[in-house]
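Trainee: When you get a sec, could you give me coordinates for this:
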Amino acid sequence: RKDSVDVFNHVTIAKSLSTSLKNILQTIILFFVFTSCQAQGVDGIWMSYQNYTIDINSPYTSGNEGVLIDFDNQTIGNIYSDSITQIKIDLKKSKLLIKTDTLKIDFKVFDKDSIEIDFGQNRKHVFHPLNLNHKLNTNKRRIKDFLVKNKFEKINGEIDIEFSDEIFFQDTIFENPIKKNALINKSWNDEGYWLIKEIEQNFFLIFTLDQTADNNIFQIISIDDCRMELLQLQEPEFKNAKITELKTCL
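Mentor: Numbering: from 1, shown residues only. This next block holds a predicted model:
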C-alpha cells in the first residue's frame, strides 16, 4: 500500500466563491499542516478547475473555477481579478490566517498534483499546479487586440464566435465591479464573455459560449500574427469547445 500524507486545513469563508474576490476574502481562516505540504512538494501557484459535484441527487452550484493559491508568496486570488490577498502563515501553530470566522472546511492533498477543498454548495474544488514555463514576450493589450481584430475559424467547424471589445451585458446590468468582455456566439445567437489573465508572464484565456455554459479555461502556449496555440485546462461539460488553437481565416 502506497504511503500517503493527508493534509487537513480549516477554511472559513463569509460569502460564496461565485461573488467577487473582495466578498470571497472578507472572512477566511485556514488551519494548515504546512510542513506536511512542503514534504509533498506543494509549492508554486495552484488553480481550481475541473471541479465536481459531491452528490448529484442534491442541489448544487456549478462554476466557481479559477481560484488561485500561491504557496510560495502565501496569497489567494481569483482568475477573474488581479487583486490578491496576503496570507500569514504561523508554522509553529500550523495556522494560516486572514480573518477569523466559524465555518470550517477540510483541505486534502493527493499525490502532489491535486488538492481538494469543499467550499460548500455541494461542489468539490480541485486545485492543480500551474506550469508557468510558457512565458510570452507580449502583454494583455496585444493579446486582446489579436482577439478583437481578427476573425477565427469555427470551433469544431460549427461554432462561429467573435471576441467583442464591448462589455458583457450582465456585468453592466448587475453593476459588477469586474467587467468582462462580450463573446458573440453567432451560431447560437447568444452571448457569453471572455477575459485574459496574466500570471508571471504566462497568459490564460477564459470564455463561455453563452450565458449559462461552463467556463473554458486555456493557457496560451504561443501566439503569432495568425495563430494562438492553446492548452485546455477546464474542459466543458458537453465537450463542445475542445480546441487547441485559434486560427485566423486567411
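Trainee: And the helices in the protein?
Mentor: Along the chain, counting by DSSP state H, helices occupy 21-24, 34-39, 140-149, 169-173.
Trainee: Quick check: mean pLDDT of the last one?
Mentor: Model confidence over helix 169-173, given as mean pLDDT, is 93.
Trainee: Quick check: buried residues in it?
Mentor: D171 (16 or more other CB atoms under 10 Å). C-beta: built from backbone N, CA, C; applies to glycine.
Trainee: And the contacts of that helix?
Mentor: With contact meaning CB atoms under 8 Å, 6 or more residues apart in numbering, helix 169-173 is reached by N176, I178, K179, K180, A182, E191, Y193, Q211.
Trainee: Let's see that with 10 Å instead.
Mentor: Contacts of helix 169-173 with the rest of the structure, by CB atoms under 10 Å, 6 or more residues apart in numbering, involve E166, N176, P177, I178, K179, K180, N181, A182, E191, G192, Y193, Q211.
Trainee: Give me the phi and psi for the second one.
Mentor: To tie it back to what came earlier, the one meant is N176. Main-chain dihedrals, N176, degrees, to the nearest 10: phi -70, psi 130.
Trainee: one step back: mind listing which of the contacts of helix 169-173 are in strands?
Mentor: E166, N181, A182, E191, G192, Y193 (DSSP state E).
Trainee: Let's see the ChimeraX selection covering just the buried ones among the residues you listed.
Mentor: Selecting only the buried entries of the ones in strands among the contacts of helix 169-173 in ChimeraX, with 16+ other CB under 10 Å as the criterion:
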select :181,182,191,192,193
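Trainee: For the closest residue to E191 other than its chain neighbours, give its distance to I84.
Mentor: Spatial nearest neighbour of E191, chain neighbours left out: A182 (5.5 Å); criterion: CB to CB, 6 or more residues apart in numbering. Separation of A182 from I84 (CB to CB, to the nearest Å) stands at 26 Å.
Trainee: next one: I45
Mentor: I45 sits at a distance of 11 Å from I84 (criterion: CB to CB).
Trainee: can you list residues touching both of these two?
Mentor: Common neighbours of I45 and I84 (CB under 10 Å, 6+ apart) are L68, D70, N73, T75, G77.
Trainee: can you tell me which of those lies nearest to I117?
Mentor: Nearest to I117 out of the shared contacts of I45 and I84 is L68 (CB to CB; 12.6 Å).
Trainee: Any idea what the residue nearest to the closest one when sequence neighbours are not counted is bridged to?
Mentor: Of all residues not flanking L68 in the chain, G77 sits nearest, at 4.5 Å (CB to CB, 6+ apart). Beta-bridge pairing of G77 under DSSP bridges involves L68, I84.
Trainee: in terms of contact, does G77 touch T85 like I think?
Mentor: Yes - with contact defined as CB atoms under 10 Å, G77 reaches T85; the gap is 7.0 Å.
Trainee: Between those two, point out the one with more neighbours.
Mentor: G77 (22 against 17; other CB atoms under 10 Å).
Trainee: per-residue confidence at that one?
Mentor: pLDDT, G77: 88.
Trainee: Could you check how many residues crowd around the nearest residue to Q74 once chain neighbours are set aside?
Mentor: Distances taken as CB to CB, 6+ apart put I87 closest to Q74, at 4.5 Å, once the chain neighbours are dropped. By other CB under 10 Å, the residues close to I87 number 19.
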